[in-house]
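**Student:** for reference, the sequence and a predicted model appear below.
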Amino acid sequence: MKPERGRLTIVGCGPGGAEYLTRQALSAVAGAEVLCGPRFLLDLFPEAGAERVVTGAGARQVAGLVRSRMEEGSRVVLLVTGDPGLHSLAGPVTRLLGRERVQVVPGISSLQLAFARLGLPWENARIFSLHGVSGEEARLVLGALAAVSTAAVLCSPVWTPGKILGALRDTAGQREVHVFWDLGRPTEGRMTGTVDELAGRFEGSGRSVLVLTEAEESDE
C-alpha cells in the first residue's frame with residue numbers, strides 16, 4: 001500500500017520487533033514523506049528517508065498534528081503498535097479525522113503472538129484492555145474476565161500485571177495465568193502459574209499481556 005496525499009496511512013507495526021513487520025508496512029513507510037509515531041516505533045525503520053515526528057499517546061494531539069501535515073500536501077504515515085484494529089490509537093484518530101481520510105495497513109497483534117507462544121487457538125478468547133479506563137470500568141473488566149474460560153488482557157501503566165493479579169485473587173485465584181512482557185523483542189519473557197502463585201511476586205510493566213486460561217486447556 002502506498003501513502004496518498006490527503007489521506008493518512010496508519011501502519012500496524014506488530015508487537016515491536018522488526019521481524020514482525022509486514023511487507024506492506026515496509027512499503028508504506030518507504031513511500032512516506034512524514035513519518036509519525038512513538039520513538040521506539042520510528043526506530044524500527046532506520047533506513048526511512050521521511051521526516052520523523054515523535055508523537056505522544058493523546059489521540060487529539062496526534063490527529064491535529066497529522067491533519068496539519070496532510071493539509072500541507074504531505075504523504076503522512078502514522079505508526080501504531082500491534083494491529084490498528086485492536087485497542088489501538090488508530091481507532092480514536094480515525095474517528096477524529098473521518099474514515100474516508102484514512103487507509104490502514106494491518107499488523108500482528110501482541111495477542112496473536114502470545115497465543116502462538118502458548119500453542120493455543122484464540123478464536124474463542126475474550127479480549128480486554130485496561131488502557132485509559134476509570135476505576136469503575138476496571139472493576140467491570142476484572143469481573144468479566146474472571147468469568148470467561150479464556151481471557152486476554154492488554155495491561156497498562158496503571159493496570160500492571162501485578163495489580164491485575166492482586167485484584168483477581170478472590171475471584172480467580174486457582175485459574176492458570178500466563179504473563180508475557182516485551183513480546184517479539186530480545187528481552188521477551190513469560191511467567192506461568194496460578195493467579196495465587198504469581199500475585200505479589202512481581203509488578204511487571206504496562207506493556208505486558210496477560211492470558212487467563214483454564215488449567216486443563218494448556219495441557220491438551
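**Tutor:** That came through fine.
**Student:** okay, stretch 205-217 in PDB with CA atoms only?
**Tutor:** Extracted in PDB, the C-alpha atoms of stretch 205-217 (Å, rounded to 0.1, in the frame of the first residue of the first chain):
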ATOM      1  CA  SER A 205       5.300  -3.400  33.100                       C
ATOM      2  CA  GLY A 206       2.400  -1.800  31.400                       C
ATOM      3  CA  ARG A 207       3.500  -3.200  28.100                       C
ATOM      4  CA  SER A 208       2.600  -6.700  29.200                       C
ATOM      5  CA  VAL A 209       0.000  -9.100  28.000                       C
ATOM      6  CA  LEU A 210      -1.900 -11.500  30.400                       C
ATOM      7  CA  VAL A 211      -3.700 -14.600  29.300                       C
ATOM      8  CA  LEU A 212      -6.000 -16.400  31.700                       C
ATOM      9  CA  THR A 213      -6.900 -20.000  30.800                       C
ATOM     10  CA  GLU A 214      -8.500 -23.000  32.400                       C
ATOM     11  CA  ALA A 215      -5.700 -25.200  33.800                       C
ATOM     12  CA  GLU A 216      -6.600 -28.200  31.600                       C
ATOM     13  CA  GLU A 217      -6.700 -26.100  28.400                       C
END
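**Student:** mean confidence for it?
**Tutor:** Mean per-residue pLDDT for stretch 205-217: 82.
**Student:** mind listing what residue 169 touches?
**Tutor:** The contact partners of residue 169, by C-beta atoms under 8 Å, 6 or more residues apart in numbering, come to 195-196, 199. For glycine as for every other residue, the C-beta is placed from the backbone atoms N, C-alpha and C.
**Student:** quick one: which of the residues you listed is most hemmed in?
**Tutor:** Most neighbours among these, by other C-beta atoms under 10 Å: residue 195, with 23 neighbours.
**Student:** so what's that residue up against?
**Tutor:** Residue 195 touches 165, 168-169, 172-175, 177, 212, counting by C-beta under 8 Å, 6+ apart.
**Student:** what subset of those is buried?
**Tutor:** The neighbour count (16 or more other C-beta atoms under 10 Å) marks 165, 168, 172, 175, 177, 212 as buried among the contacts of residue 195.
**Student:** now, these that are in helices?
**Tutor:** 165, 168, 172 (DSSP state H).
**Student:** among the residues you listed, which has the minimum pLDDT value?
**Tutor:** Across these, the smallest pLDDT goes to residue 172, namely 90.
**Student:** distance of residue 42 relative to residue 74?
**Tutor:** 16 Å (C-beta to C-beta, to the nearest Å).
**Student:** residue 165 too?
**Tutor:** Distance of residue 165 to residue 74, computed by C-beta to C-beta: 45 Å.
**Student:** lowest confidence element among the helices and strands of this structure?
**Tutor:** Ranked by mean pLDDT, DSSP states H and E, the helix or strand of the chain with the weakest confidence is helix 135-146, at a mean of 88.
**Student:** quick check: mean pLDDT across the very next helix or strand once past that helix?
**Tutor:** Sequence order places strand 151-154 as the next helix or strand after helix 135-146, per DSSP states H and E. The average pLDDT within strand 151-154 is 94.
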